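Trainee: Let me see the structure of the following:
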Amino acid sequence: MNDSACLISFSEDSDDSQDDTVVPFITLVRNRNVLPPSEFVNSIAKENLKNCHNLVFLLWLLNSSVHLSHEFVRSNRPFLLFSNCYSVSASHNYEEYLQIWPQSTKMAGGVANSFEVSVFPQALQFTELDQFHMDQLTLQYTQQFGHILNSYSLISSRKSSRYLTANLRALLRSYVHDMLFDLFFKWKSWGQITGKGFGLVSFSSLVGRFWNSYMSLQFDDSLQSFASTLNCKSDGKNFKQQPETDFSGCKSWRIRYGVWIDTVNGIMLLVNGVNGEGIGVVPAQGLDLTPQNVEQNISKLLLFVNMCLIECLSWELNDKTKTGLYIRGE
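Mentor: Just a heads-up that it's a prediction; the model follows:
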């Protein structure tokens, strides 16, 4: 991370009394057009897709010059995700939950503005409620993803397909389990401290909801079958056919996530689905599973899965979601 870069925060209550060596926080949430940049939004051919702010933001992160880092810092509002679930006016914009740093790069003809974004949302980073060394745990997972993807390229083709299917599936499921457990623990602790407790069904139910309603993972099946599976995530009663509208009039669609891997040709596709306005299935990113791309592939995969975690929690913890796992306590 560039130490000279100023930290972007989405807090409205920045502390003016803090040490003057700390760069003042910049509030972006007021202006939806700041991120993603308008030139990226205008480059999207599908007009109806532009209405889905969070998906456009995710596409920008995956397909632009944004530097994806694994930076862990102490954020100023790590529990914004939780508190937003109590706010009638909460927008649940993805950028609210990420650490984002602006950067300027000198280029011929002028200075180009770019951004650095940590693939780990603020709620997973250092907080006052930490019981787990998440920086160490995520580092271990990152190293394990690298080991699997590097080993895949070295194994003979006859065995590589089974190797990648078995190991990547197990590692992704383990990663989701541990990240959700950390967030679940913080959610319970935050609720006890603030007195905003919910009646929790069970942690296992939350994990089940994630895989049943938000994320699809398929190996070596047809793309048509994969797209059909992803679309089916919205067929249940838990997904409304019309978007909710927040205080600023922005439509908020539920986004589905899918990871499709062709183990024979070494291709991974990150795909999203949106029910509504005829958006359907949207290819987000194609990754070539070659050794030289391992670091980039890990960062994009982790960002993709982490944003699916945010998508799941922002709906499942929301007291407006009558079919969710949580019922507001008396």
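Trainee: quick one: the strands in the chain?
Mentor: 8-9, 26-27, 67-69, 100-107, 110-118, 198-199, 215-219, 244-245, 251-252, 255-262, 267-274, 280-288, 327-328 (DSSP state E).
Trainee: remind me which residues of the chain are low pLDDT?
Mentor: For the chain, the stretches flagged by pLDDT under 70 are 1-33, 88-90, 104-112, 197-201, 234-252, 276-277, 319-330.
Trainee: what about L137, distance to H53?
Mentor: Computed as CB to CB, to the nearest Å, the L137 to H53 distance reads 31 Å. For every residue, glycine as well, the C-beta is placed using N, CA and C.
Trainee: Can you get me a residue count around L172?
Mentor: 17 (other CB atoms under 10 Å).
Trainee: Distance check, the spatially closest residue to it that is not a sequence neighbour against G273.
Mentor: Leaving out its chain neighbours, the residue that sits closest to L172 by CB to CB, 6 or more residues apart in numbering is L217, at 6.3 Å. Remark: distance between L217 and G273 (CB to CB) = 14 Å.
Trainee: Could you do Q144 as well?
Mentor: 28 Å.
Trainee: How about N212?
Mentor: Going from N212 to G273 by CB to CB gives 14 Å.
Trainee: quick one: which of the two has more around it?
Mentor: Neighbours were counted for N212 and for G273 using other CB under 10 Å; G273 has more, 23 against 12.
Trainee: so the more buried one makes contact with V281?
Mentor: Yes - between G273 and V281 there is a contact under CB atoms under 8 Å: 4.9 Å.
Trainee: Could you tell me which residues touch both of the two?
Mentor: The overlap between the contact sets of G273 and V281 (CB atoms under 8 Å, 6 or more residues apart in numbering) consists of 227, 230-231.
Trainee: Select from those residues the one having the most neighbours.
Mentor: Neighbour max across the shared contacts of G273 and V281 (other CB under 10 Å) = L230, 22 neighbours.
Trainee: Could you check how far that residue is from Q192?
Mentor: L230 is 37 Å from Q192, by CB to CB.
Trainee: and the closest residue to T165 other than its chain neighbours, how far is that from G258?
Mentor: Once flanking residues are discounted, T165 sits nearest to F219: 4.5 Å by CB to CB, 6+ apart. F219 sits 12 Å away from G258 when distances are taken as CB to CB.
Trainee: So for those two, which residue has more residues nearby?
Mentor: G258 (25 against 18).
Trainee: residues contacting the more buried one?
Mentor: With CB under 8 Å, 6+ apart, G258 has these contacts: 215-218, 226, 229-230, 269-273.
Trainee: one more time with 10 Å
Mentor: Going by CB atoms under 10 Å, 6 or more residues apart in numbering, G258 touches 214-218, 226-227, 229-231, 233, 269-273, 281, 283-284, 304, 308.
Trainee: Just the buried ones among those residues, please.
Mentor: Applying 16 or more other CB atoms under 10 Å to these, the neighbour count classes 214-218, 226-227, 229-231, 233, 269-273, 281, 284, 304, 308 as buried.
Trainee: And for N150, the neighbour number?
Mentor: Look at N150: counted by other CB under 10 Å, it has 12 neighbours.
Trainee: swap in F210?
Mentor: F210: 22 surrounding residues under other CB under 10 Å.
Trainee: where's it relative to F40, distance?
Mentor: Taken as CB to CB, the span from F210 to F40 is 29 Å.
Trainee: one step back: tell me, what's touching L217 and G273 both at once?
Mentor: Common contact partners of L217 and G273 (CB under 10 Å, 6+ apart): 229, 257-258.
Trainee: What is the nearest of the residues you listed to L80?
Mentor: Y257 (21.2 Å; CB to CB).
Trainee: what's across from that closest one in the sheet?
Mentor: Beta-bridge partners for Y257, by DSSP bridges, are M215, N272.
Trainee: what about it, distance to P102?
Mentor: 27 Å.
Trainee: same deal with L301?
Mentor: Distance from L301 to P102, by CB to CB: 25 Å.
Trainee: What of H92?
Mentor: Distance of H92 to P102, given as CB to CB: 23 Å.
Trainee: Comparing the two, which shows the higher neighbour count?
Mentor: Using other CB under 10 Å, the more surrounded residue of H92 and P102 is H92, with 23 against 16.
Trainee: How about the contacts made by the residue nearest to L172?
Mentor: 168-169, 172-173, 176, 211, 226, 229, 257-261, 305.
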